[in-house]
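Enquirer: Predicted model follows, preceded by the sequence.
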2 protein chains.
Amino acid sequence: MTSNSAESIRIIPIGGLGEIGRNCTVIEYGDDAIIIDCGVMFPDAEMFGIDLVIPDFTYVRNNAHRFRAIVVTHGHEDHIGALPYLLCDVNLPVYGTRLTLGLIKSRLTEHGLVEKTEFHEVTHGEILQFGQLDVCTFHVCHSIPGGMGIAIATPAGLVVHTGDFKFDHTPVNDIPPDFQALGDLGRLGVLALLCDSTYADRPGYTPSEHSIYASFDNVFAEASGRIIMSTFASLISRIQQVIEVAHDYGRKVAVVGRSMERNVPMAIELGYLHVPDGVLVDKSEIDRIPHDQMVIICTGSQGEPSAALTRIANDDHRQIKLVPEDTVVLSSTPVPGNEELVNGTINRLFRRGANVIYEKIMPIHVSGHASQEEIKLLLGMIKPRYLIPVHGEYRHLVQQSRLAASVGIPADRTLVAESGDIIELTADSLEVVDHIPAGYVFVDGLGVGDVGAEILRDRRRLADDGVLIAAITVDRHTGELLGEPDLISRGFADHDDPKKILERAASALAAEIRSHVVEEPDWTYLNNKVRTTLGRHLYAQTRRRPMILPVVTEI
Amino acid sequence: MTSNSAESIRIIPIGGLGEIGRNCTVIEYGDDAIIIDCGVMFPDAEMFGIDLVIPDFTYVRNNAHRFRAIVVTHGHEDHIGALPYLLCDVNLPVYGTRLTLGLIKSRLTEHGLVEKTEFHEVTHGEILQFGQLDVCTFHVCHSIPGGMGIAIATPAGLVVHTGDFKFDHTPVNDIPPDFQALGDLGRLGVLALLCDSTYADRPGYTPSEHSIYASFDNVFAEASGRIIMSTFASLISRIQQVIEVAHDYGRKVAVVGRSMERNVPMAIELGYLHVPDGVLVDKSEIDRIPHDQMVIICTGSQGEPSAALTRIANDDHRQIKLVPEDTVVLSSTPVPGNEELVNGTINRLFRRGANVIYEKIMPIHVSGHASQEEIKLLLGMIKPRYLIPVHGEYRHLVQQSRLAASVGIPADRTLVAESGDIIELTADSLEVVDHIPAGYVFVDGLGVGDVGAEILRDRRRLADDGVLIAAITVDRHTGELLGEPDLISRGFADHDDPKKILERAASALAAEIRSHVVEEPDWTYLNNKVRTTLGRHLYAQTRRRPMILPVVTEI
């Protein structure tokens, strides 16, 4: 890569599965660069067998000497989850608030990277110097405490990155937004704003986290038996509210599910979660507490197959067996792609007789992202010369650029970019000057990047119609077929009939090979013959196209 | 199955993938039975390679002599799509309104079943006699014209089935609901009501189809180039509105996409769609009409991979290439499970520079199902003694039973049933007396029912980690391994490293087999040895579990 001109700031969104700039963004000036966030994405339905999707860090690796730090805006997986995959190659100091670092360390422990990494706890308003980049953080509200936005002062001008944010005047276990800092930035003059656009297509304002309290109070007032409350393990403020309402109603709280059991003690220890004495009990005590005095907070609000709530719904949980007086609350919204899983869980909970309360029934979830009026408010306070919408799918970025136009930022000062675009910013220009490979990389088991498009095509094909092995033995000299072809299928068809299908296919294949005996047989020829003969025959019989793998033994 | 008592009505919901009673319901009295609706479901994400899901008709086939008719409430796929799979075995006359029969015939043509089937066009208020069942139909509004509800009079009492419905006072190309008929039924005394509960968890009223008109008018007023409008091909009233607004603005309309090109001419011919002279043009004329005078109505609003809008978004459509002045409207809502596909399509359309209008941006879609206040209204008019919520997932059925309780139908007069439940209804009882296998059957290519749970498990496994063929040759007498094992993988891993992985795995396998030479080798022993040795080795190396298929040749 060419190094950038001394006069310009370069901004490169990296990674993103549909979304742009959420997981990782590079900001450079001269020979100094920092990374903002380093998160994972979750595979979509077509990415068979893939465990995680991480940003393609090739650019960072190739320019490692210029990178000074990783600054993390908040502790959600899509902002911290890829750290193990970058830090194992490129050792950089990590900056974040106390809770963010707590969550990062818990993530890095599994990879044995905590000792090798340098952590810096950041408090809001602090100024960090990374070469010619002066970084100042400011507090923002989101659906996790300890969120921050980042202002980066460079000789070419000031860039502001919002992180994920909403304007919450009554946050839970967190302080309200730092409007003073935003106003100061606006007065200083912001050259460019990178702004969260996740909710850019939602009119109005996102409700406050505190608005959930009234719904929870209703739920507790009505419930005669246990209350089983599932939410995201990182939604510390939601967990706080459950604990408070439980305390009000004289109920005990147990925490169930791996990530929940990990996060809650940590959040308490770091001072982000406040639990009155005696409220929290160990999950082993669930059985000895009367149902009308018990609340269980658990994972599984996304219908994840092995999470606590899913097991409970399937009557497959060791500690918790549902009874008809139980009230189950899904305090969450399904992430796109998870709707079927979540709906299936809700139906199964109802079938077991529980009273299930989900988003459509009662307002028991709010988002952590700014809606349209909040985005306009931010634009009014920051008054950026240029706007780069980030943290959203392409359509959200376009919507944010339209919102900006409606409050007076002309279209030619807004840039809707793609992952890997090198955005060059000067005092009077904003443009994409180049493009680097900065998409995403698949993690499958221990393999990082060894599963690509071809493997996924094969998996798709195998998933659709299964596989058929055609084992044949031929005479190495005459090419003559010895014995009959042996066909083995998996995922193709069952019942009796298909066996006849395979027998007929084997006969057809044998006849075809015997009718075209080739001396000194060419492997390619024979393999193709097997594939085309069987493929045509089976498609005509079944309209299916299993993957056909010939195994030819010469003797 | 035992035949039912002369005093009772038996109701059996059949099929349904999560939903109960939407696709097919059996109603019996004495020796007379009818089928209401005969629809398909669409496979969910875990049903790899499955094309369609149809109800399990075993009960109908085994009792074919008692069945008198199939009465179809309306022409949507989830109510008509399985007819070819039932009629090929059980020849029954089919009853429906003109449009419903038109859509059914178009479906049956592909299966060569039109000539063999007896069709009876039904007009509202007509009384049909099926043995001791007197069936009277009444008009309902839904998102397709020609919808009807069904009242079934038996010596044991009157049963009413709503079909899919909403109360639309200003329907498009359709008449308002027949409130008089509903009132009459209420006065006559309804023993049991089977009621659509799709939207039982939505508060308020579903907006009228006509309310879309104003949004369309806005879109047309703003659009400077072509308007590309995608919706469901069966949403005749939506298509009517597009045609009317197009006419108002002096634009021509072309229809693109297989099902759209099939349905529009049929709806015109049957009198359900009214097109002013000269408005409709052939799709071949699209190129010669100025963009500001053109509207294209197309399929693909669900992001279906081969539909017109998806091809347009991928720049893969023969006739239509997007230009930045184009306005694309998705007049639909994503069916659960299709969210990712639809969002992907919207993002790609935006990337090509089009102005895309979707549900979140503007109210350009309404549902065809009754919300909570409409369900209460229906209950007030029908005043059923018993209620059987149908046409929804379990949670929707539970919600409807709660709505019923709120308007005075006690919980013990409501029955939330499952597919296959035999519901017995008398003048003073409603209960599930038995259960038949009446779930669903997979259609994959030409195969109906030959893909079951085992095949799907194999496909899941193949999709996750691919397949590995281990071809080995052994001496038939000594059991000695001849040569080296040959490993072939698909969908497992690519790049260079995996080749080394396979080489190392082959060596490990060879060593293991050679260290345990067994005379007169047992195939099962050898197959297991190959599977466990390779399985363990590869899991340790990669944390993946490909399906391992040994191919042992003895020579």
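Expert: That came in fine, so what should we check first?

Enquirer: would you say A:Arg402 is within a helix?
Expert: Yes: assessed with DSSP: H, G, I helix; E, B strand; the rest coil, A:Arg402 lies in a helix.

Enquirer: can you count the residues close to it?
Expert: Using other Cβ atoms under 10 Å in any protein chain shown, A:Arg402 has 17 other residues around it. The way it works is simple: take the backbone N, C-alpha and C, and place the C-beta from them, glycine included.

Enquirer: Got the confidence number for it?
Expert: A:Arg402 is assigned a pLDDT of 96 by the prediction.

Enquirer: before we move on, what about the one 5 residues further on?
Expert: Note for A:Val407: predicted pLDDT of 97.

Enquirer: How about the contacts made by it?
Expert: A:376, A:379-380 (Cβ atoms under 8 Å, 6 or more residues apart in numbering or on different chains).

Enquirer: which of the residues you listed are buried?
Expert: Applying 16 or more other Cβ atoms under 10 Å in any protein chain shown to the contacts of A:Val407, the neighbour count classes A:Leu379 as buried.

Enquirer: quick one: low-confidence parts of the stretch 101-250 of chain A?
Expert: Of all residues in the stretch 101-250 of chain A, none has pLDDT under 70.

Enquirer: helix/strand/coil for whichever residue of it sits closest to chain B?
Expert: Chain B sits closest to A:Asp201 of the stretch 101-250 of chain A, with a gap of 4.6 Å, by Cβ to the nearest Cβ. Three-state call for A:Asp201 (three-state DSSP): coil.

Enquirer: So it versus B:Ile357, what's the distance?
Expert: For A:Asp201, the distance to B:Ile357 equals 11 Å [Cβ to Cβ, to the nearest Å].

Enquirer: name the element A:Met266 belongs to?
Expert: Assigned by DSSP states H and E, A:Met266 belongs to helix A:258-269.

Enquirer: rewinding a little: overlap in contacts of A:Asp201 and B:Ile357?
Expert: Between them, A:Asp201 and B:Ile357 share no contacting residue, judged by Cβ under 8 Å, 6+ apart.

Enquirer: Pull the residues that contact the host helix or strand of A:Phe350.
Expert: Taking DSSP H and E as the definition, one finds A:Phe350 inside helix A:339-351. Identification of contacts with helix A:339-351 by Cβ under 8 Å, 6+ apart yields A:300-305, A:309-310, A:312-314, A:322, A:328, A:330, A:334, A:356, A:358, B:18, B:44-45, B:336-337, B:339, B:393-395, B:398.

Enquirer: Please list which of the contacts of A:Val407 are also close to chain B.
Expert: When contact is defined as Cβ under 8 Å from any Cβ of the partner chain, those do not meet chain B at all.

Enquirer: before we move on, the earlier item: among the contacts of helix A:339-351, which lie within helices?
Expert: Counting by DSSP state H, the part of these found in helices is A:309-310, A:312-313, B:339, B:394-395, B:398.

Enquirer: Identify the residues contacting the residue of the stretch 101-250 of chain A closest to chain B.
Expert: A:372, A:395-396, A:399, B:360-361.

Enquirer: go with 10 Å
Expert: Applying Cβ atoms under 10 Å, 6 or more residues apart in numbering or on different chains, we find A:Asp201 in contact with A:371-372, A:392-393, A:395-396, A:398-400, A:402-403, B:358-361.

Enquirer: Which one (most neighbours) among those residues?
Expert: Busiest of the contacts of A:Asp201 [other Cβ under 10 Å] is A:Gln400, holding 29 neighbours.

Enquirer: and it, what does it touch?
Expert: Residues in contact with A:Gln400 (Cβ under 10 Å, 6+ apart) are A:195-201, A:370, A:372, A:375, A:379, A:387-392, A:414, A:416.

Enquirer: Quick check: the gap between it and A:Ile152.
Expert: Taking Cβ to Cβ, one finds A:Gln400 at 20 Å from A:Ile152.

Enquirer: same deal with A:Leu534?
Expert: In terms of Cβ to Cβ, A:Leu534 sits 61 Å off from A:Ile152.

Enquirer: try A:Ala69
Expert: 11 Å.

Enquirer: joint contacts of the two?
Expert: Joint contacts of A:Ala69 and A:Ile152 (Cβ under 10 Å, 6+ apart) are A:34, A:36, A:128, A:130, A:133, A:135.

Enquirer: could those be laid out in CSV, adding secondary structure and distance to chain B?
Expert: Below are the shared contacts of A:Ala69 and A:Ile152 laid out as CSV (DSSP: H, G, I helix; E, B strand; the rest coil; distance: Cβ to the nearest Cβ, whole Å):
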residue, secondary structure, distance to chain B
A:Ile34, strand, 28
A:Ile36, strand, 23
A:Leu128, strand, 35
A:Phe130, strand, 34
A:Leu133, strand, 31
A:Val135, strand, 32
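
Enquirer: from those residues, which two are the most distant?
Expert: A:Ile36 and A:Leu128 (12.3 Å; Cβ to Cβ).
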